[in-house]
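**Q** Task: produce atomic coordinates for the following.
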Amino acid sequence: MKRQVIESTQAPQAIGPYSQAISVEAARLTFLSGQIPLDPATGEMVGTGDIRAQTKQVMENLKGVLASAGLDFSNVVKTTIYLADLANFATVNEVYGSYFTERPPARGTVEVAALPKGAGVEIECIAAS
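**A** Below is the predicted model:
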């Protein structure tokens, strides 16, 4: 897979762990459903009231789904982050960024009225191989 980071001076520069755009040639795309902070072993919510722990669990859940598809975070080309409270953005961004240390994917982040099971964060992604 050829994955290219697109940077334009015609738009604001990325100010966090994301790229303005990602271009992928001749790729097989894998669309991951949104993950909330559920422990896969118990099905119970992790880190109730602790957005850092919730975000880490969400990223670990995504990592597990990616691995089952033979992929990892380097294959991710687009993510969408849903937050129950945008005031948690900096903390979520810090944890999220620790999983994308080089060539981060394109990203959107939105605040929503509510998430399943009272989660504080949900993240979905698209990966290419």
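**Q** what about the helices in this structure?
**A** 51-68, 89-99 (DSSP state H).
**Q** which of the residues in stretch 9-27 are buried?
**A** The neighbour-count criterion (16 or more other C-beta atoms under 10 Å) identifies 17-19, 21-22, 24, 27 as the buried residues of stretch 9-27. The C-beta positions use only the backbone N, C-alpha and C, and glycine is treated the same way.
**Q** Need these in CSV (columns: pLDDT).
**A** Shown next, in CSV, are those (pLDDT from 0 to 100):
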residue, pLDDT
17, 90
18, 91
19, 91
21, 87
22, 82
24, 83
27, 72
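**Q** average model confidence for stretch 97-111?
**A** If you average the pLDDT over stretch 97-111, you get 95.
**Q** I figured residue 28 hits residue 126, correct?
**A** No. Assessed by C-beta atoms under 8 Å, residue 28 is found out of contact with residue 126, at 11.3 Å.
**Q** Show me which of the two is the more surrounded one.
**A** With other C-beta atoms under 10 Å as the criterion, residue 28 and residue 126 differ in neighbour count, and residue 126 comes out ahead with 19 against 12.
**Q** what bridges to that one?
**A** residue 31, residue 78 (DSSP bridges).
**Q** Could I get the contacting residues of it?
**A** Applying C-beta atoms under 8 Å, 6 or more residues apart in numbering to residue 126 gives the contacts 29-32, 76-79.
**Q** now residue 94
**A** With C-beta under 8 Å, 6+ apart, residue 94 has these contacts: residue 52.
**Q** What pLDDT is listed against it?
**A** For residue 94, pLDDT reads 97.
**Q** any idea of the pLDDT on residue 44?
**A** 95.
**Q** Bridging across strands, which residues link to the nearest residue to it once chain neighbours are set aside?
**A** Among residues not flanking residue 44 along the chain, residue 38 sits closest, at 6.8 Å (C-beta to C-beta, 6 or more residues apart in numbering). Taking DSSP bridges, one obtains residue 45 as the residues bridged to residue 38.
**Q** distance of residue 103 from residue 21?
**A** 12 Å (C-beta to C-beta, to the nearest Å).
**Q** for residue 36, same thing?
**A** Residue 36 is 27 Å from residue 21, by C-beta to C-beta.
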